[in-house]
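Student: I'd like to go over a predicted model; first the sequence, then the structure.
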Amino acid sequence: MMDRRTWLRGALGLSFLPLLAEAQPGAKVYRIGLLGGSSPTEPGGRVWEGFFQGLRDLGYVEGQNIVVEGRWYGDRPERLPSLAADLVRVKVDVIVAGTAPAPEAAHRATSMIPIVMASHPDPVGSGLAVTLAKPGKNLTGLSNVSPELAGKQLQLLKEVVPTLSRTAVLWNPTVPSQRLSLKAAEGAARSLGMQLQFVEARAPGDFANAFSAMTKAGAGGVMALGGSMFFAERRQIVELAARSRLPAIYSVREFVDAGGLMAYGASIRESWRRAATYVDKILKGANPGELPIEQPTKFDLTINLKTARALELTVPPSVLAQADQVIR
């Protein structure tokens with residue numbers, strides 16, 4: 001019969017961690033709660049790999065000095081309150097929350113247990129932190145968006161498609177913090193002389209209708225915002241963009257790996273690896289409210305020339321010169 005540790009190891013996809021071992025007598029074993037949309041064994045859960053690698057680099061081994069409790073909401077964000085409450089009930093030492101709205105749910109569930117955000121677009125605007133420099137509450141971690149990101153994405157899309165005058169912005173209204181990106185996009189679009197069409201997708205089944213609405217409205221390109229549900233459904237999004245003949249730009253390179261045209265944004269694997277350093281500091285006694293929230297300092301541009309050729313687009317040399325990776 002499969003014991004709990006073996007099941008947990010399989011469910012969390014920790015096969016790359018050292019073999020489970022019994023905790024040493026007298027050694028402190030920390031309980032780490034994970035809260036997110038996808039488990040590590042699901043397509044959207046690969047973002048957790050950087051976090052687990054970061055833990056391993058810092059000397060944390062499941063069954064020796066940590067126990068991992070994972071709670072996943074899939075495409076049902078309404079489950080988040082009960083999942084967060086369950087992590088509080090089992091008395092985890094720290095909660096690592098994925099992208100929004102998981103940090104918000106964790107924050108509502110507890111004001112005592114430290115919370116580490118792996119990637120959040122607007123921790124101050126959403127009320128999770130007082131300031132980035134000094135969060136002031138029981139939460140810290142990483143923010144994945146800077147004010148200039150949306151503007152740069154639209155600018156790159158315009159450079160690749162010079163005739164672009166109307167761009168669809170694909171977003172998820174169940175993630176209120178994405179409104180910061182919408183506002184930034186509106187300002188950037190005005191300076192570029194571009195019209196925006198905001199298109200909602202709340203669940204995986206909404207994407208087909210969303211792309212249909214874009215083409216009917218005459219959109220010439222797409223900017224897709226982030227989020228765990230979008231990441232999990234990246235292949236569907238990329239395929240719909242290709243089928244609709246719409247050049248698209250994304251926030252993370254994994255969309256380009258799946259066949260998307262291009263991406264500009266911070267490395268999510270690096271962000272999640274950095275989240276492990278916050279967990280380490282907190283377990284060693286640091287106050288999360290005193291740990292500054294990190295913002296990305298480097299953004300990567302990835303371009304898929306195969307997709308560009310399929311769309312009959314020529315990527316200008318000036319854009320290729322900015323690319324960190326080009327898929328040919």
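Tutor: Thanks, I have it. Residues are numbered from 1 along each chain as shown.
Student: Tell me which residues touch Leu157, please.
Tutor: Counting by Cβ atoms under 8 Å, 6 or more residues apart in numbering, Leu157 makes contact with Leu164, Thr167, Gly221, Met223, Pro247, Ile249, Met262. Placement of C-beta: from N, CA and C, glycine included.
Student: same question, Pro316
Tutor: Applying Cβ under 8 Å, 6+ apart, one finds that Pro316 lies in contact with Glu159, Val160.
Student: how close does it get to Ser126?
Tutor: Distance, Pro316 to Ser126, using Cβ to Cβ, to the nearest Å: 37 Å.
Student: Also Ala224?
Tutor: 20 Å.
Student: Neighbour count for these two, which is higher?
Tutor: Ala224 (28 against 19; other Cβ atoms under 10 Å).
Student: so the more buried one makes contact with Phe255?
Tutor: Yes: Ala224 lies in contact with Phe255 (Cβ atoms under 8 Å); the separation is 7.3 Å.
Student: who touches both of the two?
Tutor: What both Ala224 and Phe255 touch, as defined by Cβ under 8 Å, 6+ apart, is the set Ile237, Ala248.
Student: Show me what the helix or strand hosting Val169 is packed up against.
Tutor: According to DSSP states H and E, Val169 maps onto strand 166-171. Judged by 3 or more Cβ pairs under 8 Å, 6 or more residues apart in numbering; DSSP states H and E, the packing partners of strand 166-171 are helix 179-192, strand 195-200, helix 207-216, strand 221-224.
Student: before we move on, which element is Phe67 in?
Tutor: For the record, residue 67 is Val, not Phe. Counting by DSSP H and E, Val67 is part of strand 66-72.
Student: now swap in Val116 and tell me
Tutor: Per DSSP H and E: strand 115-120 holds Val116.
Student: then that strand to PDB, C-alphas only?
Tutor: Output of strand 115-120 as PDB, limited to C-alpha atoms (Å, rounded to 0.1, in the frame of the first residue of the first chain):
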ATOM      1  CA  ILE A 115       3.500  34.100   3.200                       C
ATOM      2  CA  VAL A 116       6.000  34.200   0.300                       C
ATOM      3  CA  MET A 117       4.600  35.300  -3.100                       C
ATOM      4  CA  ALA A 118       6.400  33.700  -6.000                       C
ATOM      5  CA  SER A 119       5.100  36.100  -8.600                       C
ATOM      6  CA  HIS A 120       2.600  38.900  -8.200                       C
END
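Student: Now do the following helix or strand past it: distance to the chain's middle.
Tutor: Counting by DSSP H and E, the next helix or strand C-terminal to strand 115-120 is strand 139-143. Averaging C-alpha positions (Cα atoms, centre = their mean, to the nearest Å) puts strand 139-143 13 Å from its chain's average.
Student: One more: stretch 176-187?
Tutor: With Cα atoms, centre = their mean as the basis, stretch 176-187 stands 16 Å off its chain's centre.
Student: cool, and stretch 65-79?
Tutor: Distance, stretch centre to chain centre, for stretch 65-79: 15 Å (Cα atoms, centre = their mean).
Student: List the contacts of that stretch.
Tutor: With contacts defined as Cβ under 8 Å, 6+ apart, stretch 65-79 is touched by 8, 11-12, 14, 23, 27-40, 42, 45, 55, 59-60, 62, 80, 83-84, 86-87, 90, 92, 101-102, 174, 203-204, 229.
Student: And the contacts of stretch 286-299?
Tutor: Stretch 286-299 has contacts (Cβ under 8 Å, 6+ apart) with 114-117, 123, 129, 132-146, 149, 152, 264-267, 271, 274, 278, 281-282.
Student: Most neighbours among the contacts of Leu157, please name it.
Tutor: Compared across the contacts of Leu157, Ile249 has the highest neighbour count, 29 neighbours, by other Cβ under 10 Å.
Student: Given the helix or strand hosting it, what are its sheet partners and their directions?
Tutor: Using DSSP H and E, Ile249 sits in strand 248-250. The pairing partners recorded for strand 248-250 under DSSP bridges are strand 221-224 (parallel), strand 262-265 (parallel).
Student: centre of the chain versus the helix or strand following the first one, how much separation?
Tutor: Using DSSP H and E, the helix or strand that directly follows strand 221-224 along the chain is helix 228-232. Shown here is helix 228-232, whose average C-alpha point lies 8 Å from the average C-alpha point of the whole chain (Cα atoms, centre = their mean).
Student: Please apply the same query to stretch 249-268.
Tutor: With Cα atoms, centre = their mean as the basis, stretch 249-268 stands 12 Å off its chain's centre.
Student: What of stretch 202-217?
Tutor: Taking Cα atoms, centre = their mean, the mean C-alpha location of stretch 202-217 is offset from the chain mean by 21 Å.
Student: So what touches stretch 130-143?
Tutor: Contacts of stretch 130-143 (Cβ under 8 Å, 6+ apart): 97, 103, 106-107, 110-124, 128-129, 271, 274-275, 278, 288-296.
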